[in-house]
Each structure stands twice: as C-alpha cells, then as structure tokens.
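Student: requesting a structural model of the entry that follows:
(chains A and B)
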Amino acid sequence: MVLEVLGTGCTKCKLLHEAVLKAVTESGVTADVRKIEDISVILERGVMSTPALVKDGKVLIAGKVPSPKEIMAWLV
Amino acid sequence: MKTRTANGLLILGLGVWYGLYRSLAFLSEFAVSQTGLDRTSHLGASLEFLLFEVPKVLMLLVIIVHAVGVLRSFFSPEKTRRILSRFPEGVGNVLSALLGIATPFCSCSAVPLFVGFLTAGVPLGVTFSFLISAPMVNEVALALLFGMFGWKVAGLYLITGLTVAIVGGWSLGKLRMESGVEDWVMKIRSGENTADAELSWVERLGAGWTAVKDIVGKVWPWVVAGVGVGAFIHGYVPTGLLSSFMGKDAWWSVPLAVVIGVPMYANAAGIIPVVSALLEKGAALGTALAFMMSVTALSAPEAVLLRKVLKPRLLATFFCIVALGILVVGWIFNLLLG
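Tutor: Model (predicted):
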C-alpha cells in the first residue's frame, strides 16, 4: 500500500510522519510511506488542514494526529 | 464507552466543576488564612488574588475550550468550504466570520486553507473574512477575557472582532482585487476529500478533551504569568499611571497601539498579561482591545506566509484594511465608554 503523510512542515506533521513509520515497522506490513510537502499535491487530495494521512489515494484523517491505535487499525 | 456512561460522566463533571468554581473564593481565603498572613496586607492580598484568579481562569479555560472542541468536531475546514461556496458575498462574509470561530484553525494551515477556499469557488472577500476572524476571535481569547475582565469585555471583543472580519472581508471583496492573487493559486485543481466520517457523540466529547489537553496544556504558563503580572500591578503599581498617555483622551494612543501590535506575533494567552497590565495602569479599554486585536489578527510571520499566495499590493491592502478596522473599533470604544 502507499501511505502519504501530507504536511507543509509543521511540528504535528513531523509527529504524524514518525508515528506512521513506527506503526509500519511494528505491524510488519509492506508500505511505501511518502512525505508530501508540495502544497498543490496536498490540495489535489482535497486536504486543507494538515497534517493528513492518505492511504492509496483515500484521505483517512486530516487536521490532527491520530493515536497509534488508530493508525494501526488502518494498516492491518 | 457507551453514550449513557459518557453523558453521565459529563453531567457529573459539570457538577463537580460548578461546585469547585463556586467555592474558589472560600478556598483561596482559607488557604491564605492557613499561612498566617494578614489578608489586608500587600502580600496577603496579592497571594489571595493569585490563589483565586489562577484556578478560576484555568477552570473557565477548560470548560470553554472543551465546549468549542466539541463544536469544532462538527465543522471540518472541508465542510466549511462546502457551505461557504454556496453563498454570495454579503451573507457569505457573515457566515464566514462566524465559521471562523467554529472551524479548527492554526496559522500553519492558513495558506492551504486560503487556496482551498478560492479554488472551490468561495469569493475572495468571503475567504478574507474567514482569514481575519479565525485567528482573532478564538476560544482562548474569549475565555481569558471573560475570566479576567468579565462577560462585557469578552462580549465586546467577540462582536467587534466579528464586525472587523465581516466588514474588512466585504470591503476587500468590493475592491475586485482577484488579480492580486498569485497566478499559481488559481491553476490548482483542488480535490474533494471524503474523510468527513460521521462521529459519534462520545467521539465528539473525546475531541473536546483532546482540545483541552492540546490547548490548555500549551497556554497555562501564560495564564499563570498573566495573572501574576495582574496581581503584582494590582498591589504595587499606582493606578492611573498610564491614563495620561494611553487614556481615552489621547486620540493617538489607538493608532500607536495598532502600529506596535501589527508586526507582533503572540497567541491570545501570551498577550493577556500585557492587556491586563495596560488596563490596570489606566489605559483605555478601546486602546487595549485594539492592541490585542492587532497582535492576534495580523503579524509579520503571517505576512511572510501569505506572501506566497498574495501579490505585494493585495497583501498590503489586506493589512491596511484590517488595521483600519481595528483602529476604528478602538476609537469607537474610547468614545462610547468612559
């Protein structure tokens, strides 16, 4: 799966990126984690409030950092 | 958690909150009497003021931030955009300023929000109304103003803040400055996001708690500092010290407050100590409110962020119109309230 962390570089965006990487390692799933900072790409995904997490083109959450449990549930 | 359990906890929490809030005066008095200090002495009075005001303001902050956090779980920026793109200017400006309070906003998302609104067909002036109201009229400012200066000052701030956002955005829209938006902005094809999952009531209450942890966790040192400064001034600085040059008779004090406040960047909590100090020393209310509004609504970092999407001329016009609105608000207050 492709996981995209959308964010323009705020602290919360970094937190989400780290949380996603950690969840991927822990769950053992194979995922391509990308960090997207280009604002035009972020907007194309329909997201205005960052950070946001996108899985295979579908926006899972926008505007806040989800708990590790939530992230894990999306991965497996 | 079941809805009934959550509601039970909520009612219980509100009951405990109210009981504690009502007994704060007694508790702080009791605590001071235990230290053996004379309540009428300088130090005793300051200590009692501090022991009463800090918990009071923090408790107000918790309850208001929680309520707004729950309210905001109903309004994602994506939903706000859908609502705003359906209304023309005028009505749109009013809605936009109101939604600026109800929509989660942080200065780091100002640019994506601006572009996202415009490309979805929200008029430029309506977008500006949102951009003025969102940072300026917020729950932290209202909770602190209410706690420290009463509901009248908080209400005035709310109403005048909304007015500046509505009139300012509307005027900017009337200037027809669409060409002042950077060319790349309108080329963006913004998509529609489908993440708007329906939340349960329990999840909304949870969102309120997350907001409390996030916001109160961040601003409490400022509250303590603000009340501390207030307590010190309360006891030691002669009142009326500033009245000669920041009082309502000095017409130029409002523009001066705006000119100093515009480039400054601080959150509402950080600016309250200064405002309480200004007021206590005899500055006029209009001058103090104008200062607070100019600090929260406009700032140098915001100008740098917005420069990415606005050409210099529109950016300057935006700052001038908002500053002018704040100036007028300050003058009107000083004129009406003595």
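Student: what residue ranges in the stretch 151-300 of chain B score low on pLDDT?
Tutor: Along the stretch 151-300 of chain B, segments meeting pLDDT under 70 span B:192-197, B:233-249, B:273.
Student: next secondary structure after the helix or strand containing B:Y21?
Tutor: Per DSSP states H and E: B:Y21 is located in helix B:3-22. Sequence order places helix B:24-35 as the next helix or strand after helix B:3-22, per DSSP H and E.
Student: any idea of the mean pLDDT in the helix or strand following that next one?
Tutor: Toward the C-terminal end, the helix or strand that comes next after helix B:24-35 (DSSP H and E) is helix B:42-72. Helix B:42-72 shows a mean pLDDT of 86.
Student: how about helix B:42-72: buried residues?
Tutor: B:44-66, B:68-72 (16 or more other CB atoms under 10 Å in any protein chain shown). The C-beta positions use only the backbone N, C-alpha and C, and glycine is treated the same way.
Student: B:G121 in helix, strand or coil?
Tutor: Under DSSP: H, G, I helix; E, B strand; the rest coil, B:G121 falls in the coil class.
Student: which residues touch it?
Tutor: B:G121 makes contact with B:S85, according to CB atoms under 8 Å, 6 or more residues apart in numbering or on different chains.
Student: ok, B:A266 next?
Tutor: So B:A266 contacts B:295-296 (CB under 8 Å, 6+ apart).
Student: how much space between it and B:P135?
Tutor: 11 Å (CB to CB, to the nearest Å).
Student: find residues that contact each of these two.
Tutor: Joint contacts of B:A266 and B:P135 (CB under 8 Å, 6+ apart) are B:T296.
Student: and B:K174, how far is that from A:C13?
Tutor: For B:K174, the distance to A:C13 - CB to CB - is 36 Å.
Student: between these two, which one's more packed in?
Tutor: A:C13 (21 against 10; other CB atoms under 10 Å in any protein chain shown).
Student: next secondary structure after the host helix or strand of the more buried one?
Tutor: Assigned by DSSP H and E, A:C13 belongs to helix A:11-27. Next helix or strand after helix A:11-27 toward the C-terminus (DSSP H and E): strand A:32-36.
Student: could you pull out the buried residues of that next one?
Tutor: So strand A:32-36, judged by 16+ other CB under 10 Å, has buried residues A:35-36.
Student: which elements pack onto it?
Tutor: strand A:2-6, helix A:11-27 (3 or more CB pairs under 8 Å, 6 or more residues apart in numbering or on different chains; DSSP states H and E).
Student: for the next helix or strand after that strand, what is the distance to the chain centroid?
Tutor: Stepping forward along the backbone from strand A:32-36, the first helix or strand reached (DSSP H and E) is helix A:39-44. Centroid separation for helix A:39-44 versus its chain: 14 Å, with CA atoms, centre = their mean, to the nearest Å.
Student: look at the closest residue to chain B within chain A and report its pLDDT.
Tutor: Of the residues in chain A, the one nearest chain B is A:G46, at a distance of 3.0 Å by CB to the nearest CB. If you check A:G46, the pLDDT there is 82.
Student: tell me the SS of it?
Tutor: coil.
Student: hmm, B:G191 and it touching each other?
Tutor: Yes: using CB atoms under 8 Å, A:G46 is in contact with B:G191, at 3.8 Å.
Student: can you tell me the closest non-neighbouring residue to residue 72?
Tutor: Going with chain A. Distances taken as CB to CB, 6 or more residues apart in numbering or on different chains place A:A23 nearest to A:M72, at 5.4 Å, with adjacent residues excluded.
Student: can you look at chain B instead?
Tutor: Going by CB to CB, 6+ apart, B:R72 has B:P104 as its nearest residue, at 5.0 Å.
Student: need the contact list for that neighbour.
Tutor: A:49, A:63-64, B:72, B:75-77.
Student: likewise B:N7?
Tutor: B:W201.
Student: B:G150 too?
Tutor: No contacts exist for B:G150 under CB under 8 Å, 6+ apart.
Student: let me see the backbone angles for it.
Tutor: phi 90, psi 170 (degrees, to the nearest 10).
Student: can you list the helices and strands packed on strand A:32-36 in TSV and add mean pLDDT?
Tutor: Shown next, in TSV, are these (pLDDT from 0 to 100):
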stretch	mean pLDDT
strand A:2-6	91
helix A:11-27	88
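Student: among these, which is the most enclosed?
Tutor: strand A:2-6 (a mean of 21; mean count of other CB atoms under 10 Å in any protein chain shown).
Student: just the CA atoms of that one, as CSV, please.
Tutor: What follows is strand A:2-6, C-alpha atoms only, in CSV (Å, rounded to 0.1, in the frame of the first residue of the first chain):
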residue,chain,number,x,y,z
VAL,A,2,1.0,3.6,-0.4
LEU,A,3,0.8,5.8,2.6
GLU,A,4,1.1,9.6,2.2
VAL,A,5,1.7,11.9,5.1
LEU,A,6,0.6,15.4,3.9
